[in-house]
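**Q** With the sequence up front, the predicted model follows.
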Amino acid sequence: MDGAEKDDARRSRFEAVAALVVEPVRRFLARRTDPDTADDVLADTLLVLWRRLDDVPAGDEALPWTYAVARNALANAERGLRRQRRLAHRITVVDPPDEAVPDEPEVDDRVAATFARMRPDEAELLRLWAWEQLGPAEIAAVLGLTPNAVSIRLHRARGRFKEIFEKSGTT
């Protein structure tokens, strides 16, 4: 196979994998961040997918692999946002603005409040299970754990969620 044929085969594989993962990953990100950040992270995820196409597992294993990439890209984006906020805070201390910007309104959602009271790793485990509808083996691929560890942690996280949710009000 010559260079042009290899390029065509690579492009075809990328397009097939991207078609399979783009919408689930878009929903995955939409549930975790704002729309602009989700779009940026999706673009970063697809870039990694292209660059590491030879590392992408075949078939059904491509989606959990891509979720793991998106999760890491989102963590990078969130670190960048935290750095920007710290810098903006330092600037406002030195040169405060004329008007204060109001804080974001609180979300009055018992599920969001319950997730906020849980450990981040427990909440993410439940999101992967409930929102992305992944099984223990797929979650294990996303989080870099064994399926057995995921099953145990998922059982504990569901119990913790139920406990916190019931304490937050009437069901």
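**A** Yes, it's here. Numbering: from 1, shown residues only.
**Q** Where does the residue nearest the centre of the chain sit: helix, strand or coil?
**A** Closest to where the C-alpha atoms of the chain average out (Cα atoms, centre = their mean) is residue 71, at 3.9 Å. Three-state assignment for residue 71 (DSSP: H, G, I helix; E, B strand; the rest coil): helix.
**Q** pLDDT score assigned to it?
**A** We note a pLDDT of 95 for residue 71 in this prediction.
**Q** For it, which non-adjacent residue is spatially closest?
**A** Take residue 71 and drop its neighbours on the chain: the residue closest to it by Cβ to Cβ, 6 or more residues apart in numbering is residue 142, 6.4 Å away. Where you see a C-beta, it was placed from the backbone N, CA and C, and this is true even at glycine.
**Q** So for the helix or strand where the one you found lies, what gets flagged as buried?
**A** With secondary structure defined by DSSP states H and E, residue 142 is part of helix 136-143. Buried residues in helix 136-143, defined by neighbour count with 16 or more other Cβ atoms under 10 Å: 136, 138, 139, 140, 141, 142, 143.
**Q** so the third one sits right up against residue 152, yeah?
**A** No. The pair formed by residue 139 and residue 152 falls short of the contact definition of Cβ atoms under 8 Å, at 11.8 Å.
**Q** And the helix or strand bottoming out on mean pLDDT in the chain, what's buried?
**A** Ranked by mean pLDDT, DSSP states H and E, the weakest helix or strand in the chain is helix 62-94, scoring a mean of 83. Buried residues in helix 62-94, counted by 16+ other Cβ under 10 Å: 62, 63, 64, 65, 66, 67, 69, 70, 71, 73, 74, 77.
**Q** what residues are up against the last one?
**A** Going back to what we said before, that points to residue 77. Counting by Cβ atoms under 8 Å, 6 or more residues apart in numbering, residue 77 touches 33, 37, 40, 41, 44.
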